[in-house]
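In: Structure of the sequence below:
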Amino acid sequence: MNTTSPGHPLIAELPDLLPAEHIVRINTPKEDIGSTRSYEWNGWTFRVPPGVFTPGATSRMVHERLLDGRIAVRGLVYAAMGVGLGVEAVAAGVAGAAKVHALDVHAPSVECAAEHFAEFVAAGGELVPGVGDLFDPVPDGERLDVVTFNPPAVSQRVSDDPDVVRNVCEGAVIVTRFFDQLVERDLLAEGGRVYVALSNTADLRAIVSHAVHIGLSPALEHRHDWEDGVVTHVFRFTRAVTA
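Out: Numbering: from 1, shown residues only. Predicted structure coming up:
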């Protein structure tokens, strides 16, 4: 991770990382991730298989923006990174995305997302399921117009359960690797947009500084204070304009 970039005005405005004990307390899982559950949103009922977390309020910020067009995907190539049970994929499909890459390292999640897409998206866009590390399933030469990611970037380990670690607390490195692959493989289309939801349970300044250092320009799409010390940011990253 590189934090020696010349900087961006937004970085100085970001909140400090919360104390470790606070982070652990508010991020310790409260649901039985080993069970089969259900999740209802927008009149749809999604099956939540073992190993997949039920989406929370931060995820819904992304879902809602995809569905109502604040994150515009109509006619575009869209990638849902960490697709989970597939709510983002469904929202993008209903919103008119031409192609949806459903990406996750967890094969049962991708399978579940594909089932939900087939069930709820009546017609139109193509779903491309992909199992693997970050952008590994995306073929060379593909260009992505829109990418969303609500990463498991919590900075403190809150469990020894590998499913919990994968879903919650991989740390900042999962986001910096995401940015590195995006840039090194030239996956972002001209005018492409990347939306990343992050809270101050992660090292926001280090993550955004790294993105700036490798040529991405950040903007703040949305900020929400949960009144418990946690502040969530939905960032929009684009290619930096060079002189």
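In: Could you tell me the end-to-end distance of stretch 209-219?
Out: End-to-end span of stretch 209-219 (C-alpha to C-alpha, to the nearest Å): 12 Å.
In: Need the mean per-residue confidence for it.
Out: Stretch 209-219 shows a mean pLDDT of 96.
In: List the buried residues in that stretch.
Out: Neighbour counts over stretch 209-219 (16 or more other C-beta atoms under 10 Å) mark Ser209, His210, Ala211, Val212, His213, Leu216, Pro218 as buried. Using the backbone N, CA and C atoms, a C-beta is placed for each residue, glycine as well.
In: Select from these every entry located in strands.
Out: Counting by DSSP state E, those place Leu216, Pro218 in strands.
In: Show the contacting residues for His22.
Out: Gly229 (C-beta atoms under 8 Å, 6 or more residues apart in numbering).
In: what do you get for the one 4 residues further on?
Out: The contact partners of Ile26, taken as C-beta under 8 Å, 6+ apart, are Thr201, Asp228, Gly229, Val230.
In: which one of those sits closest to Leu182?
Out: Comparing the contacts of Ile26 against Leu182 with C-beta to C-beta places Thr201 closest, at 22.6 Å.
In: need the contact list for that closest one.
Out: By C-beta under 8 Å, 6+ apart, Thr201 lies in contact with Leu17, Leu18, Ile23, Ile26, Asn27, Ala153, Val154, Ser155, Gln156, Val230.
In: Please report how far it lies from Asn27.
Out: Going from Thr201 to Asn27 by C-beta to C-beta, to the nearest Å gives 6 Å.
In: circling back to that earlier point, how about the contacts of Ile26, which pair is most distant?
Out: Thr201 and Asp228 (10.9 Å).
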